[in-house]
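Chemist: sharing a sequence plus its predicted fold:
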Number of protein chains: 2
Amino acid sequence: MKWPISIAFAAALAMGSTALAKDDPLPSWNDGPAKAAVLAFVQAVTTEGTSNFAPVEKRIAVFDNDGTLWAEKPVYVQLLFAVDRVKALAPKHPEWKTNEPFASILKGDLKGALAGGKHAVAEIVAASHAGITTEEFTAVVRDWIATARHPETGRLYTEMVYQPMLELLDHLRANDFETFIVSGGGVDFMRVFAESVYGIPPHQVMGSSMKVKFETVDGLPALVKQPELNFVDDGPGKPVGIQMQIGRKPIAAFGNSDGDLEMLQYTCLPPGPDFCLYVHHTDAEREWAYDRDSAVGKLDKGLDAAAANGWTVVDMAKDWSVVFPE
Amino acid sequence: MKWPISIAFAAALAMGSTALAKDDPLPSWNDGPAKAAVLAFVQAVTTEGTSNFAPVEKRIAVFDNDGTLWAEKPVYVQLLFAVDRVKALAPKHPEWKTNEPFASILKGDLKGALAGGKHAVAEIVAASHAGITTEEFTAVVRDWIATARHPETGRLYTEMVYQPMLELLDHLRANDFETFIVSGGGVDFMRVFAESVYGIPPHQVMGSSMKVKFETVDGLPALVKQPELNFVDDGPGKPVGIQMQIGRKPIAAFGNSDGDLEMLQYTCLPPGPDFCLYVHHTDAEREWAYDRDSAVGKLDKGLDAAAANGWTVVDMAKDWSVVFPE
């Protein structure tokens, strides 16, 4: 009877602790190269006395948000928030009935509203994200995210986070990693739910931002969001933002689009140890399938870079047994 | 024999645990109103079931650096670094022998160099802080701070930190506060020593910054410091920086100059609980004495605001039994 036991043992060794469901830190990940690579990396950097050991202060992991931690289809959640906010503010702006891009939004024609390109987006963002204090904005987002539902699934947006990534965040933190969000999304928007949903406190959330001014409002000092862009945390802005805010090169980076490419390149610069992973949206049944030709979350150069550099690519359909929390 | 015991007990109660030196978290603070106020605040926000209790995620404390955590006289340490860096780079810049402000620096005439005002400072900062990668800059500062000595005391600059403030940082962290630096000084400069000296990791250090670009250097991606100002983390910039990076109002703020005033105003906005403290430099013997008329670390409006708002003011000569670590 020795034979089956030794096989089970060898299999357990090969998969780390994952053969024992009870001890599996990533139960929603199917056994396969992606899961094995994640576990092997964490094991390596936390094993003292090896060349890949990373002291605790170097254990910094950065995550994109849209498409990496939660769904980004049919369009970014924050854009849907902006649309709802424009609708809510419309009674105070009768001129929006005839002025674009607002007129299209109020008619329910998002595509028409976005036809105005960057200028239209800037107008929508300014109207929906500026002219109020940071505290007021937080309250508005908190109310919205507690009730708004995804147009296709009917779920709350905070229920459209990826269960396997929640497990990965927990596993990294259990191994003394500090986890950060580095997203092209608005920082004030994400901070409202990042702590309760991802376990990531506001000061570890980075994103794009509008300028903020210290002003006197009703006789008291307040921070007022200005209708002017401050920082775009996308593409080459991601490593720049990491330097500005973290001040230390991460050793693990997780993304899903070409906008994350520079962050992964920077994180996986020699010398290691380091780990770079792309989530590849391949699951049209449980989520969405898209990559090189997608308007939202385009993953083209990134796929090539992953292949060239040996980065880990999650095949969502194959590698995840669960996508959204049950 | 009951009488002396009850007096000792009453005194111990009045001073919290400070009557027992063994349990005193702030041994370098003399008993007095400043120490009592600090201890009472920490006690209050960590006592569950009271109206002043603050849950752990709200326990955010922000500290200015120059003049609050370490000495800033005769001039800011970073300016002395810049001077040394200009001298070190001079052989590569023969034109500096005749061009101001460099010519004055090379002659040892700092006052003359600064006579050119903001323009001169910008030139000195650009020459000494830009044109290299962030990694190279870190290495340069690390080498300098390990050996450079204060012109008057002969101490290493990292030995010119305030022992009572180190104890305060520890005491706050022991009570589950997250401690942050919010300084007008350069963020990349402070991050080199803030972790080892103050126990504050790079991502909890905020400061002024130059722009950074993601570029290819020697065929590899790198972050290169640009000779262009990105953010001034002083005055109204401090609450703005706090919002950008922490995303949550602190409940405790510590400063020493008018440049910290807006940070204290913002932190001590109702509703509380909150705590604001100014370090007042009153100790010409062990440190320096300066306030309303000082060019470096001017404390004028701040002193008035402290009196008007009931903020705690540390009288360095009276309230601190030790200034620098022994």
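Modeler: Noted; the coordinates are in hand. Numbering: from 1, shown residues only, chains lettered A, B, ... in the order given.

Chemist: and the closest residue to chain B within the stretch 1-150 of chain A, how many neighbours does it have?
Modeler: Nearest residue of the stretch 1-150 of chain A to chain B (CB to the nearest CB) works out as A:Thr134 at 5.6 Å. From N, CA and C alone the C-beta is placed, and that goes for glycine too. Using other CB atoms under 10 Å in any protein chain shown, A:Thr134 has 21 neighbouring residues.

Chemist: for the residue lying closest to it once chain neighbours are set aside, name its beta-bridge partners.
Modeler: In space, A:Thr134 comes closest to A:Leu223 once its chain neighbours are excluded; the distance is 4.6 Å by CB to CB, 6 or more residues apart in numbering or on different chains. Going by DSSP bridges, A:Leu223 is paired in beta bridges with A:Phe214.

Chemist: wait, isn't A:Leu223 in contact with A:Ile132?
Modeler: No - using CB atoms under 8 Å as the test, A:Leu223 is too far from A:Ile132 to be in contact (10.1 Å).

Chemist: same drill for those two, tell me which one is more crowded.
Modeler: Shown here are A:Leu223 and A:Ile132; by other CB under 10 Å, A:Leu223 has more neighbours (22 against 16).

Chemist: what sits against that one?
Modeler: By CB atoms under 8 Å, 6 or more residues apart in numbering or on different chains, the residues touching A:Leu223 are A:Thr133, A:Thr134, A:Glu135, A:Val212, A:Lys213, A:Phe214, A:Glu215, B:Pro239, B:Val240, B:Gln243, B:Tyr266.

Chemist: give the contact list for A:Ile246.
Modeler: Here A:Ile246 is in contact with A:Ile60, A:Val62, A:Phe180, A:Met206, B:Pro202, B:His203 (CB under 8 Å, 6+ apart).

Chemist: same check on A:Thr216?
Modeler: Contacts of A:Thr216 by CB under 8 Å, 6+ apart are A:Ala222.

Chemist: from the chain's centre, how far out does the helix or strand it falls within sit?
Modeler: In this structure, A:Thr216 sits in strand A:205-217 according to DSSP states H and E. Taking CA atoms, centre = their mean, to the nearest Å, the mean C-alpha location of strand A:205-217 is offset from the chain mean by 21 Å.

Chemist: need the mean per-residue confidence for that strand.
Modeler: For strand A:205-217, the mean pLDDT works out to 94.

Chemist: ok, now stretch A:163-181?
Modeler: On average, stretch A:163-181 scores 98.

Chemist: roughly how far out does it sit from the chain middle?
Modeler: Computed by CA atoms, centre = their mean, the chain-centroid distance of stretch A:163-181 equals 13 Å.

Chemist: do that stretch and chain B come into contact?
Modeler: Yes - using CB under 8 Å from any CB of the partner chain, stretch A:163-181 reaches chain B at A:Glu178, A:Phe180.

Chemist: buried sites along that stretch?
Modeler: Buried residues in stretch A:163-181, defined by neighbour count with 16 or more other CB atoms under 10 Å in any protein chain shown: A:163-169, A:171-172, A:175, A:177-181.

Chemist: on that earlier part again, check contacts around the residue of the stretch 1-150 of chain A closest to chain B.
Modeler: Counting by CB under 8 Å, 6+ apart, A:Thr134 has contacts A:Asp188, A:Val212, A:Ala222, A:Leu223, A:Val224, A:Lys225, B:Gln243.

Chemist: surely the last one meets A:Val212?
Modeler: Yes - judged on CB under 8 Å, B:Gln243 makes contact with A:Val212 at a distance of 5.3 Å.

Chemist: so A:Phe177 makes contact with A:Lys58?
Modeler: No - taking contacts as CB under 8 Å, A:Phe177 lies outside contact range of A:Lys58: 9.6 Å.

Chemist: what lies in contact with stretch A:77-89?
Modeler: If you take CB under 8 Å, 6+ apart as the criterion, stretch A:77-89 is touched by A:66, A:70-71, A:96, A:102, A:105-106, A:110, A:113, A:124-125, A:127-129, A:140-141, A:144-145, A:148, A:151, A:157, A:160, A:185-186, A:189.
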